[in-house]
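> Here is a sequence with its predicted model. Questions after.
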4 protein chains.
Amino acid sequence: MPSSTGGKYDKILKASIDVISEKGLDKSSVSDIVKKAGIAQGTFYLYFPSKNDLIPAIADNLITITLDGVRERIQGKENFWDILEVVIDETLKITDAHKDIIVLVYSGLSINHSMEKWELLYRPYYDWLEDIINKAIQNNEIISNINVKWTSRTIINLVENAAERYYIGREQDDTLEVFKDEVFKFLRRSLFRT
Amino acid sequence: MPSSTGGKYDKILKASIDVISEKGLDKSSVSDIVKKAGIAQGTFYLYFPSKNDLIPAIADNLITITLDGVRERIQGKENFWDILEVVIDETLKITDAHKDIIVLVYSGLSINHSMEKWELLYRPYYDWLEDIINKAIQNNEIISNINVKWTSRTIINLVENAAERYYIGREQDDTLEVFKDEVFKFLRRSLFRT
Amino acid sequence: MPSSTGGKYDKILKASIDVISEKGLDKSSVSDIVKKAGIAQGTFYLYFPSKNDLIPAIADNLITITLDGVRERIQGKENFWDILEVVIDETLKITDAHKDIIVLVYSGLSINHSMEKWELLYRPYYDWLEDIINKAIQNNEIISNINVKWTSRTIINLVENAAERYYIGREQDDTLEVFKDEVFKFLRRSLFRT
Amino acid sequence: MPSSTGGKYDKILKASIDVISEKGLDKSSVSDIVKKAGIAQGTFYLYFPSKNDLIPAIADNLITITLDGVRERIQGKENFWDILEVVIDETLKITDAHKDIIVLVYSGLSINHSMEKWELLYRPYYDWLEDIINKAIQNNEIISNINVKWTSRTIINLVENAAERYYIGREQDDTLEVFKDEVFKFLRRSLFRT
DNA sequence: AATGAATGAGCTTTCATTCAT
DNA sequence: AATGAATGAAAGCTCATTCAT
């Protein structure tokens, strides 16, 4: 829990991602990680209570950069369907960039931690999308007789799963553009207010 | 993998599910499992090449009983929307019955095995739904300008994720009926041919 | 907890005594012990639940051989003072033979285990001496207005401590014979019925 | 070992006793102790060369307060039997007050240090009692044909062991008064000059 | 004198797997 | 086919000690 140190926390996080991407979760030892990070074994435990606390930290990081990326790119955009396009695009981008670790991390979360932790990490993303959906309803862009909470979670899940199937499951029969379009249209048909 | 050996294979599979449900994947040892199954340590390796081969076997089992359950219940049903309702209902039932292991198993698959294995296990389920969708298109029950392969996978993913959020993530703000209805309507809106 | 094996339990016990005698308790690792015993690391844990369970086992062994030795040597002896002489002599003998480990073991017992364990291990020895004392009272060999339970424990303690001071604390100003005599006479003065 | 430094030495000693009393010797880390003492990790090593030097310091403290207590309370008393009563009483008092640490400390001494250190620490106490015994012999209060050195050590050992059995081993079948009386009479019978 | 982040050797324990019976 | 004792590599974690500030 040291504070003003040479970014050791980030060093460990980064090394973890590298090592886990390469060797998988089970095969990655703390010893591997500290070696990569260039620190001593014991130092790891100054920043993380245990090896298991690595996974939520990585997940948090992943979710955070996704939401940050989306937020950045929708500057000025008001239209729900424009925002949805950004969400889809950004999710695909992040998934592509971290394809080697993304499933492992979500899996690791399920295995070692309660679902509550999962919900907690996703909460900011969910909340943000709920706001967007509510505004879209007010603007008559999407239908109104939906459960907003359920819908926000379903959209994020659907987009992430599709992205994982595309990049990780190699379900790449079509071009990226066609694939994105498929996701977008599926959601648009379900939510568009005529 | 003999099946005429006093059902030891099934005994091991069942014991594995019990033990993993209770202790989680990481904490479950082969020793725990054989103790539960009432067999000797070495016997395990007569039926499974290694501990890692347990997870795909359990996953296969889970997917198989789901598809079998659905098939059984749609006897005589022709209408796509009736079938979709059965899929949703059966998925929720199975998820409820195996909530303690379902995430662990899917996670375990991701961690220790290539995504190819995952695709392979789901293939029969995917194929079956593709058939159903194609028939529905022919019968003008659903729209036709969709990617059938992508849609079958997306439907199954969406339904399973919703079920997991309901039973495992405890996203139970509404009754089961209302929840099912939400899933059904979301898909119907997206696919229904007016 | 295997049963009919090549005396591995005893092998471990013996190796433990050797190693601990040489290096002390803290510095003795399970790794040292199994190396000395000529078995694999994991095998240790088939016979002892943990490293800590070694100490009570050694203590039990020490107490048992002492009591067995005494019992053997008093065959036919009826006189209390003859028996007491044997107790003193045998305690000195055992203390001499195991001087390098005896304190460590008793200390280890105190540190890692409740005093109840200690009492439990000594119980047979205490009980045996209580019987002897009671008979001596009946035979008018010793005074009768004593607390038998307290006295049995005090005698054993006193003799053992004296032995430890002689062999371990090197309080060897006198010959062994004179020393034994001192112990004997101290107790005799306190208990003899004139 | 500075004594003019804000009493940090004593602070560490006191914190050590607290921590070791609560967690046992093995489980007590320097980290625990400095936290309790409210000082920095490194500061510990300004006052103690190593963790092992803690135990003799605590032992020394214990023996010193016992002897000081006895000396204080026998002011003016000349009679050997009165003094013996004080020794018994004070030993019981100290044992009661420090029951959680007393065995651990003596054990720690045995484990990490040579018996010589033990002898050295006890020397003042032993010497003091030898004087008392010699005077008692001159005053014809006790018998004279004894080994004074051996007897002084035996008395202290016997009293301390009895106290430990009473307070630590919970050998409390009788009241404290009866117990004290038992100890006193046992020694009196052995040493009293008729 | 005081700090506390950093170190890294070293420990106990677990457990998948093997193999002689 | 079945057994279960034996294996030994490997892992997570602790902690006494150091040292730059």
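Thanks, I have it. Numbers count the residues shown, from 1 in each chain, chains lettered A, B, ... in the order given.
> Return the residues of chain A in contact with chain B.
A:24-26, A:103-104, A:106-108, A:110-112, A:115, A:118-119, A:143, A:146-147, A:149-151, A:153-154, A:157-158, A:161-162, A:165, A:168-171, A:173-174, A:179, A:182, A:186-187, A:189-191 (C-beta under 8 Å from any C-beta of the partner chain). To be clear about C-beta, it is placed using only N, CA and C from the backbone, and glycine gets the same treatment.
> Just the buried residues from the residues you listed, in PyMOL please.
Selecting just the buried residues from the residues of chain A next to chain B in PyMOL takes one command, with 16 or more other C-beta atoms under 10 Å in any protein chain shown as the test:
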select buried, chain A and resi 25+103+104+106+107+108+110+111+112+115+118+146+147+149+150+151+153+154+157+158+161+162+165+168+169+171+179+182+186+187+190+191
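> Just the CA atoms of the lowest-mean-pLDDT helix or strand in chain A, as CSV, please.
In chain A, no helix or strand scores lower on mean pLDDT, DSSP states H and E than helix A:99-112, which sits at a mean of 82. The C-alpha coordinates for helix A:99-112 follow below in CSV (Å, rounded to 0.1, in the frame of the first residue of the first chain):
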residue,chain,number,x,y,z
LYS,A,99,-8.0,-10.6,-26.9
ASP,A,100,-5.4,-12.7,-25.2
ILE,A,101,-6.4,-11.7,-21.7
ILE,A,102,-10.0,-10.6,-21.8
VAL,A,103,-11.7,-14.0,-21.5
LEU,A,104,-9.2,-15.1,-18.9
VAL,A,105,-9.9,-12.1,-16.8
TYR,A,106,-13.6,-12.4,-16.9
SER,A,107,-13.3,-16.1,-16.2
GLY,A,108,-10.9,-15.5,-13.3
LEU,A,109,-13.4,-13.1,-11.9
SER,A,110,-16.1,-15.7,-12.0
ILE,A,111,-14.0,-18.3,-10.4
ASN,A,112,-12.3,-16.6,-7.6
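> That one packs against which elements?
helix A:8-23, helix A:54-73, helix A:115-138, helix A:148-167, helix B:99-112 (3 or more C-beta pairs under 8 Å, 6 or more residues apart in numbering or on different chains; DSSP states H and E).
> Indicate which one of those helices is closest to DNA strand E.
For the helices and strands packed on helix A:99-112, distance to DNA strand E was read as C-beta to the nearest atom of the strand. The smallest value, 5.0 Å, belongs to helix A:8-23.
> Is there any residue in the closest one that contacts DNA strand F?
No. Under the criterion of C-beta under 7 Å from any atom of the strand, helix A:8-23 makes no contact with DNA strand F; the nearest approach is 9.0 Å.
> mean confidence score for that helix?
In this model, helix A:8-23 has an average pLDDT of 96.
> Report the residue ranges of every domain in chain A.
Chain A breaks down by automatic domain parsing into domains covering A:5-49, A:53-191.
> got the contact list for the spatially most central residue of chain A?
When C-alpha atoms, centre = their mean is applied to chain A, the residue found nearest the centroid is A:I63 (3.7 Å). By C-beta atoms under 8 Å, 6 or more residues apart in numbering or on different chains, the contact list for A:I63 reads A:121-122, A:124-125.
> Kindly give a single PyMOL line that selects the buried subset of those residues.
Only the buried entries of these go into this PyMOL selection, using 16+ other C-beta under 10 Å:
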select buried, chain A and resi 121+122+125
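> which one of the contacts of A:I63 sits closest to chain B?
Proximity of these to chain B (C-beta to the nearest C-beta) peaks at A:Y122, which lies at 9.7 Å.
> separation between the closest residue in space to the closest one that isn't next to it in sequence and chain B?
With sequence-adjacent residues excluded and distances taken as C-beta to C-beta, 6 or more residues apart in numbering or on different chains, A:Y122 is closest to A:I63, at 6.3 Å. Using C-beta to the nearest C-beta, to the nearest Å, A:I63 is found at 15 Å from chain B.
> Can you check the pLDDT for A:I63?
95.
> And the residue of chain A closest to DNA strand E?
A:G42 (1.5 Å).
> thinking again about what came up before, which residues sit against the least confident helix or strand of chain A?
So helix A:99-112 is contacted by A:17, A:20-22, A:24-25, A:52, A:55-56, A:58-59, A:62, A:94-95, A:117-118, A:121, A:164, A:167-168, B:24-26, B:103-104, B:106-108, B:110-111, B:115 (C-beta under 8 Å, 6+ apart).
> and it with helix B:99-112, angle?
Angle, helix A:99-112 to helix B:99-112, by axes from the mean of the first three to the mean of the last three C-alpha atoms, to 10 degrees: 150 degrees.
> how far off helix A:115-138 does helix A:99-112 point, in degrees?
Using the same axes, to 10 degrees: helix A:99-112 against helix A:115-138 is 120 degrees.
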